[in-house]
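Peer 1: For reference, the sequence and a predicted model appear below.
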Amino acid sequence: MIVTLAGHVDHGKTSLVKALTGVNTDRLKEETLRGLTIDLGFAYSDSGKLGFVDVPGHKKFIHNMVAGVAANQHAMLVVAADDGIMPQTREHLEILSLIGLKSGCVVITKTDRADEDRLSAVTNNVKELTKNSFLNNSEFFYTSIEEPNSYAPLQEHLVTKSAEDRNTESQKPFRMAIDRVFSLKGVGLIVTGTVHSGRLTKDQSIFHFPSGQESRVRGIRVNDKETETTQVGERCALNITGINQDELKRGDWLDSLQPSGYQTVTGRLRISEDFPRTVKHWTPVHVYQATSHYLARVAMRRAKEIKPGGSAQVDILLEEKMHCYVGDKFVLRDQSLDLTLGGGEIVFAEKSLPKRRNSMRRAQIIESYETGTPSTCFDCLLEIGPVDMVDFCSLWQLTAQEGAALTEGKNTRLLGGQVISEASWGNSKEALISIFKANADKRFRENELPGAKDTELKLALLNELVRENTLEVTGGQFKLKGAVVSLSPQLEKFWQLMEPKLQVMQTPSSGDLSKTLKVPQTDLEKALDELVKNGLLINVAKHRYYPPSQLSEIAKEVIKLGTKTGFSVADFRDVTKIGRNVAIEILEYFDKKGFTRRDGNSRKVFGKNPFE
């Protein structure tokens with residue numbers, strides 16, 4: 001069991017750990033000289049069943065204090081009998097609560113400096129402080145370095161709690177927050193931290209965030225003892241290989257899944273009752289999540305502001321990407337006041353800053369994640385539209401197999417990496433058909449169609465409508481089957497002029513047409529491009545245009561040439577009587593369409609005539 005000590009500076013936390021373990025956790029020279037803890041300190045009992053995290057008590061090092069706390073630890077709130085409750089006593093208790101600790105005890109130290117009345121008063125004050133926290137009704141212990149036997153009841157309590165600790169193995173993948181990185185001669189690279197979820201075995205592969213690099217675990221130590229495995233709730237040291245030490249630092253993560261980074265996180269923020277002012281939109285904050293620290297802004301979603309003691313859903317817009325999952329806790333500190341502002345739990349995250357934070361669709365997606373479980377969230381998302389399974393599994397810390405299991409028994413279809421319900425698919429098709437019916441005299445490219453911006457979904461829907469003969473496509477433009485596209489009078493007149501000039505095996509370039517018609521080439525190409533938009537022409541190469549019907553005739557000749565055997569540019573030129581340069585332009589266009597494929601100096605035909 002890991003025990004996290006918290007409390008005001010100089011209230012005896014380090015002495016308490018030394019009395020329980022014999023270890024002085026102030027390992028830095030500056031800590032010894034100044035007589036205060038600056039960074040995290042770690043110690044373990046002789047039995048190896050208890051591990052202690054000694055956190056700094058001074059407000060200047062509150063960021064190090066946050067780094068030492070994890071939700072599945074046992075808290076020990078330390079209060080000196082002579083000082084009583086001090087500012088960091090309150091702030092540390094607030095942080096422990098925000099991070100989600102559930103169990104703990106209170107230790108009143110330096111009892112030799114207080115009489116019975118003072119001890120009674122301090123005890124009552126602490127009970128009042130903790131009555132609305134997870135330490136309500138927790139046990140109290142009284143210690144003094146002048147009385148060595150005073151530590152025995154606390155030691156027995158912790159041993160009993162350790163035996164009761166049924167920290168069952170998490171079914172989630174392994175994940176560890178790094179707090180220290182160093183090298184040992186003859187051993188190699190060592191990283192230490194707290195396991196936040198899952199289980200890890202020696203020789204297993206893991207991924208590093210933010211680099212994404214894969215590494216292998218060569219050795220594991222838990223509570224300073226060699227072991228083959230480590231699991232959720234334990235502090236461990238990992239000997240890893242496959243990554244350089246200079247790429248690792250406190251705040252990084254090790255994960256058995258390929259980790260994602262998010263620049264926007266959404267959660268319900270609760271403001272501390274002791275925070276001295278109202279929190280407003282765009283407040284600059286420090287964000288603490290496990291051992292990680294980020295700079296960010298708080299963006300209000302529904303409320304205009306949040307008063308002390310209140311809560312509301314907010315977006316946290318980060319300056320750099322955070323690795324997180326749904327359910328992760330976070331703590332915010334105000335940048336200007338250097339005080340703990342509040343904290344909360346992440347319900348949703350996005351890899352970039354949203355273009356429209358308050359869009360209806362985004363609100364629906366966030367509401368789906370607020371349902372609290374992957375299964376209910378997935379069902380709600382299916383009702384909205386396609387679900388990107390990679391993003392979904394990343395946010396919920398699911399394996400691909402666990403994600404696939406969510407689709408079992410549901411009437412869905414797989415579209416690339418997305419899952420869409422048949423009902424949503426049908427509704428989307430009907431919406432597309434309605435657009436074409438309302439604009440029967442027009443052609444649309446995929447990116448010109450109104451509605452969802454999901455290119456993969458739109459193209460899949462359009463292609464199915466083409467296969468069903470509801471739509472037809474020419475030159476990448478779609479229209480209703482059999483519908484007549486109308487042109488403006490000017491464009492119609494221009495088309496009548498151009499069509500006979502371009503219904504030939506080798507069309508003149510736009511430069512040649514410009515000279516013939518005595519029209520500036522740029523103006524001519526603008527008009528030709530309008531005909532391309534309407535599906536009457538295809539821009540085969542720079543300055544070269546063909547009607548689709550003429551390209552279809554040329555494609556028929558190519559099919560005769562290269563269905564069974566390959567053909568060269570010379571073969572194509574001899575059959576079509578097209579000049580070599582133009583022949584190369586046409587064949588390269590066919591290559592881009594996937595109709596032909598070049599292999600050295602030869603080409604072969606793949607597929608049907610794309611212009612019929």
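Peer 2: Yep, that arrived.

Peer 1: going forward, measure contacts between C-alpha atoms and count neighbours the same way
Peer 2: Will do.

Peer 1: Low-confidence stretches in the protein?
Peer 2: 25-42, 46-48, 55-72, 165-170, 451-453, 475, 563-564 (pLDDT under 70).

Peer 1: Could you rerun that using 50?
Peer 2: 27-39, 57-61, 168-169 (pLDDT under 50).

Peer 1: which residues of the stretch 251-400 of the chain fall in strands?
Peer 2: 253-255, 262-271, 279-280, 283-289, 292-300, 305-306, 311-322, 329-334, 340-350, 387-388 (DSSP state E, counting those that start in this stretch).

Peer 1: And the ones you listed: which comes nearest residue 602?
Peer 2: With C-alpha to C-alpha as the criterion, residue 602 lies closest to strand 387-388 of the strands of the stretch 251-400 of the chain, at 40.8 Å.

Peer 1: which helices and strands does that closest one pack with?
Peer 2: Under the contact criterion of 3 or more C-alpha pairs under 8 Å, 6 or more residues apart in numbering; DSSP states H and E, strand 387-388 touches strand 418-421.

Peer 1: could I get whatever helix or strand comes next after the strand it packs on in PDB with only the CA atoms?
Peer 2: Once the chain leaves strand 418-421, the next helix or strand it forms, by DSSP states H and E, is helix 422-438. Extracted C-alpha coordinates of helix 422-438, given in PDB (Å, rounded to 0.1, in the frame of the first residue of the first chain):
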ATOM      1  CA  GLU A 422     -27.800   1.600 -40.600                       C
ATOM      2  CA  ALA A 423     -30.400   4.100 -39.500                       C
ATOM      3  CA  SER A 424     -27.900   7.000 -39.700                       C
ATOM      4  CA  TRP A 425     -26.700   5.600 -43.100                       C
ATOM      5  CA  GLY A 426     -30.200   5.600 -44.400                       C
ATOM      6  CA  ASN A 427     -31.000   9.100 -43.100                       C
ATOM      7  CA  SER A 428     -27.700  10.500 -44.600                       C
ATOM      8  CA  LYS A 429     -28.600   9.000 -48.000                       C
ATOM      9  CA  GLU A 430     -32.100  10.500 -48.000                       C
ATOM     10  CA  ALA A 431     -30.600  13.900 -47.000                       C
ATOM     11  CA  LEU A 432     -28.200  13.700 -50.000                       C
ATOM     12  CA  ILE A 433     -30.900  12.700 -52.400                       C
ATOM     13  CA  SER A 434     -33.000  15.600 -51.200                       C
ATOM     14  CA  ILE A 435     -30.100  18.000 -52.000                       C
ATOM     15  CA  PHE A 436     -29.800  16.700 -55.500                       C
ATOM     16  CA  LYS A 437     -33.500  16.800 -56.100                       C
ATOM     17  CA  ALA A 438     -33.700  20.400 -54.900                       C
END
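
Peer 1: Would you mind pulling the contact partners of helix 422-438?
Peer 2: 382-386, 411-413, 442, 461, 465, 479-480 (C-alpha atoms under 8 Å, 6 or more residues apart in numbering).

Peer 1: same thing but 10 Å
Peer 2: Around helix 422-438, the neighbours that count as contacts under C-alpha atoms under 10 Å, 6 or more residues apart in numbering are 382-386, 410-413, 421, 439-440, 442-444, 449-452, 457-458, 460-462, 464-465, 470-471, 478-481, 483.

Peer 1: Just the buried ones from those residues, in PyMOL syntax?
Peer 2: To isolate the buried ones among these in PyMOL, judged by 16 or more other C-alpha atoms under 10 Å, type:
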select buried, resi 382+385+386+412+421+440+442+443+444+457+458+461+462+465+470+471+478+479+480+481+483
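
Peer 1: in this protein, what residue sits furthest out from the centroid?
Peer 2: The C-alpha centroid of the chain is most remote from residue 516, which lies 58.4 Å away (C-alpha atoms, centre = their mean).

Peer 1: What are the neighbouring residues in contact with that one?
Peer 2: 508, 510 are the contacts of residue 516 under C-alpha under 10 Å, 6+ apart.

Peer 1: I'd like the strands of the stretch 251-400 of the chain written out as a markdown table, with distance to residue 1 added.
Peer 2: A markdown table is the format used below for the strands of the stretch 251-400 of the chain (distance: least, C-alpha to C-alpha, whole Å):
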| stretch | distance to residue 1 |
| --- | --- |
| strand 253-255 | 21 |
| strand 262-271 | 29 |
| strand 279-280 | 37 |
| strand 283-289 | 21 |
| strand 292-300 | 23 |
| strand 305-306 | 37 |
| strand 311-322 | 28 |
| strand 329-334 | 20 |
| strand 340-350 | 24 |
| strand 387-388 | 39 |
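
Peer 1: okay if I get those as JSON lines plus mean neighbour count?
Peer 2: Listed next are the strands of the stretch 251-400 of the chain as JSON lines, based on neighbours: other C-alpha atoms under 10 Å:
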{"stretch": "strand 253-255", "mean neighbour count": "25"}
{"stretch": "strand 262-271", "mean neighbour count": "22"}
{"stretch": "strand 279-280", "mean neighbour count": "18"}
{"stretch": "strand 283-289", "mean neighbour count": "21"}
{"stretch": "strand 292-300", "mean neighbour count": "20"}
{"stretch": "strand 305-306", "mean neighbour count": "18"}
{"stretch": "strand 311-322", "mean neighbour count": "20"}
{"stretch": "strand 329-334", "mean neighbour count": "23"}
{"stretch": "strand 340-350", "mean neighbour count": "24"}
{"stretch": "strand 387-388", "mean neighbour count": "18"}
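
Peer 1: Of those strands, which is nearest residue 113?
Peer 2: strand 340-350 (30.6 Å).

Peer 1: who does the residue lying closest to residue 294 once chain neighbours are set aside bridge with?
Peer 2: Leaving aside its sequence neighbours, residue 294 sits nearest to residue 287 (C-alpha to C-alpha, 6 or more residues apart in numbering; 5.0 Å). Residue 287 has these beta-bridge partners by DSSP bridges: residue 294, residue 332.

Peer 1: Residue 287 and residue 343: what is the separation?
Peer 2: Going from residue 287 to residue 343 by C-alpha to C-alpha, to the nearest Å gives 9 Å.

Peer 1: where do the contact lists of those two overlap?
Peer 2: With C-alpha under 10 Å, 6+ apart as the test, residue 287 and residue 343 both reach 330-333.

Peer 1: which stretches of the stretch 451-600 of the chain form strands?
Peer 2: 471-474, 477-480, 538-541, 544-546, 596-599.

Peer 1: would TSV of the ones you listed with distance to residue 497 be doable?
Peer 2: Listed next are the strands of the stretch 451-600 of the chain as TSV, based on distance: least, C-alpha to C-alpha, whole Å:
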stretch	distance to residue 497
strand 471-474	21
strand 477-480	22
strand 538-541	17
strand 544-546	14
strand 596-599	32
